[in-house]
Each structure stands twice: as structure tokens, then as C-alpha cells.
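Undergrad: A predicted structure for the sequence below; I have some questions about it.
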Amino acid sequence: MLDLTTVIEAESRRFADAIAQAAPDAAVPTCPGWTADDLAWHLTEVHGFWARVLTSGAQTDEESEAVEAAGPTRPGSRAETMALFERATGQLLEALAGAEDATPAWFWLATDRTVGATRRMQAHEATMHRVDAEAAAGLDSAPVDPRLAADGIEHAFDVMWAWWGTQPGCSFAPGASRVELVAEDTGHGWLVETGRWQGVGQSGKAYDVPGARRVLAGTPAARVTGSAEALMRWLWGRGDEPAASGDAGALDPLRAARDQGMQ
């Protein structure tokens, strides 16, 4: 079983090493509009925020908003940013090391407000942003552990895209087709149904965006096959589409959901 806290530590170290090799204004191809220094500040903010969530004991939306408001302002130099990154990462790792996964803690997905949700999220966030930093620096991307990649596929559907379901008045409208993802190296398979997140929120804002979620049964109209890492990188917008077969039309909604991107 993977130690996700160790993953966060290792990937954060790789992230810092890659950032050091990228020009401050280098574009991040996988995060359009961001520079390498923007990326460095983003992960610094993320690590600091979740460290404060865990150490403060925040469990409600209001408490998390207060934690966010208490965050530092962006430093004026990369050196200052990376020094803050090191402190924030250390604080996050310390908070995670001292807590069990089942311990209650605020998380933006109301169905899993636990320390474990934060640990899992930050393992994937650190990994994907390490990939982003390598792209900005023009480096060959280091591999992702197949076990982490397989979990990252599930995380994409169950957490990242499930975010739409947290919006008031928004629900999932399934489409007619299902798609299977097959990881040849780990033996995992995931059956998903595509559709759209639709609804009108309390503010009157309408939602109608492509989405996908995992299901337990059904006959797939199409398949995407590759290594767990290749599938994960593709779903997270950090890699090309692996080999696809079957009904191309059935794959289009999944491609549309993927093309929305994940930060």
C-alpha cells in the first residue's frame, strides 16, 4: 500500500527541483496562462492552506473561508516564494503525519470531510504539479507509480469531476453510452457513464457542462486502453489520449469532460 504522505514529500521535492530549472516567466504548457513562478506560488498557497485547515481543526465551510483569508500574500521574488513553499510543505507533512485518515477535517467534497481526503488530494496535486513544473522547465517527465496512477483515475471521477455535484441545484444527467478504461499494467478496469452536470443554482446561474462518473455495471460502447499512468495523465490533461476503440461518438463526451481541465 502506498504511503501517500511520503508521496507528497517526494513529489514536492521533485517539484521544487523542476521549478529551479525553469525560467521565472517560462510558460506552463499544461496550465494555460500560467508561468513557472505562478505555478510555484499556486502550490505554495495550496500546501499552506491545507496545513492550516488541519492544524486549525476547521470542519465547516465558514471555518475554511477564515483559514483561506488568513493566508499570506504572494512574495515578490521566487526565492521568497520557494522559502515559503518549503515551510508550508513541512507544515502540511507534519500535520498529516500526526493524524489518522478517519479524523474529521474540512474538505470541499462534503461526502468525505476527513484527513484522508486531504492526504489523497494532495498526493495527486503534488504529482500533477510536479509534471507541470517539468513541462515548464523542458525536462523529461519522471514516471508516476502505477498504484498512484490507478488511484488518480478513480480520484478524477469520484472527487475532481464530482465537484459539480456540490453546486446548489446541479445534478448529473446520464447520457446513453458507457466507456471502459483499461489499465494494461495493473489489471484495473473502470466503467464510466458520460453525461452532463445540469441545473440552476440559488443565484440563478445555470450549469450545463460535460461530465462522467463511475458505474458498476453496463456494456461499454468504447474503450480507452493503456498503462495506468498514461490513462491518468490523459484524464488530468497532462498527456495524449491512449489507444481508443469502439464507438467514437461514445468517447466524445468523455473527451469533452477531460478537455475542461483540472488544476
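TA: Yes, it's here.

Undergrad: put the alpha carbons of the helix or strand harbouring residue 151 into PDB.
TA: According to DSSP states H and E, residue 151 maps onto helix 146-155. Taking Å, rounded to 0.1, in the frame of the first residue of the first chain, the C-alpha atoms of helix 146-155 are listed here in PDB:
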ATOM      1  CA  PRO A 146       1.300   2.800 -11.300                       C
ATOM      2  CA  ARG A 147      -0.600   2.300  -7.900                       C
ATOM      3  CA  LEU A 148      -0.800   6.100  -7.500                       C
ATOM      4  CA  ALA A 149      -1.800   6.500 -11.200                       C
ATOM      5  CA  ALA A 150      -4.600   3.900 -10.800                       C
ATOM      6  CA  ASP A 151      -5.900   5.800  -7.700                       C
ATOM      7  CA  GLY A 152      -5.600   9.000  -9.600                       C
ATOM      8  CA  ILE A 153      -8.000   7.700 -12.300                       C
ATOM      9  CA  GLU A 154     -10.700   7.000  -9.600                       C
ATOM     10  CA  HIS A 155      -9.900  10.300  -8.000                       C
END
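
Undergrad: against which helices or strands is it packed?
TA: Packed against helix 146-155, as judged by 3 or more C-beta pairs under 8 Å, 6 or more residues apart in numbering; DSSP states H and E, are the following elements: helix 115-137, strand 170-183, helix 228-235. C-betas here are computed from N, CA, C, even on glycine.

Undergrad: tell me which strands and helices the shortest one is in contact with?
TA: Yep, that's helix 228-235 we're talking about. Helix 228-235 is packed against helix 146-155, strand 170-183, strand 222-226, with contacts defined by 3+ C-beta pairs under 8 Å, 6+ apart.

Undergrad: check the longest one too.
TA: If contacts are counted by 3+ C-beta pairs under 8 Å, 6+ apart, helix 115-137 sits against helix 4-20, helix 36-56, helix 78-97, helix 146-155.

Undergrad: hmm, 6 Å instead?
TA: The helices and strands touching helix 115-137, judged by 3 or more C-beta pairs under 6 Å, 6 or more residues apart in numbering; DSSP states H and E, are helix 4-20, helix 36-56.

Undergrad: closest one to residue 26 among those?
TA: Of all those, helix 36-56 sits nearest to residue 26, with 4.4 Å by C-beta to C-beta.

Undergrad: ok now the closest one, how far from the chain's centre?
TA: From the chain centre to the centre of helix 36-56 is a distance of 14 Å (C-alpha atoms, centre = their mean, to the nearest Å).

Undergrad: angle of it against helix 4-20?
TA: With axes from the mean of the first three to the mean of the last three C-alpha atoms, to 10 degrees as the basis, helix 36-56 and helix 4-20 are set at 150 degrees to each other.

Undergrad: give me the mean pLDDT for helix 36-56.
TA: Taken as a whole, helix 36-56 has a mean pLDDT of 98.

Undergrad: and the helices and strands packed on helix 228-235, which one is worst for confidence?
TA: If you rank those by mean pLDDT, strand 170-183 sits at the bottom with a mean of 91.

Undergrad: list the buried residues for that strand?
TA: Neighbour-count burial for strand 170-183, counted by 16 or more other C-beta atoms under 10 Å, picks out 170, 172, 175, 177-183.

Undergrad: sort out which one of those lies nearest residue 247 for me.
TA: residue 177 (6.8 Å).

Undergrad: OK, contacts around that closest one?
TA: Neighbour list for residue 177: 221, 250 [criterion: C-beta atoms under 6 Å, 6 or more residues apart in numbering].

Undergrad: ok, now with 7 Å
TA: Counting by C-beta atoms under 7 Å, 6 or more residues apart in numbering, residue 177 touches 194, 221, 247, 250.

Undergrad: separation between the third one and residue 226?
TA: The one in question is residue 247. Using C-beta to C-beta, to the nearest Å, residue 247 is found at 18 Å from residue 226.

Undergrad: looking at those two, which has the bigger crowd around it?
TA: Each of residue 247 and residue 226 has its neighbours counted (other C-beta atoms under 10 Å); residue 226 has more, 21 against 14.
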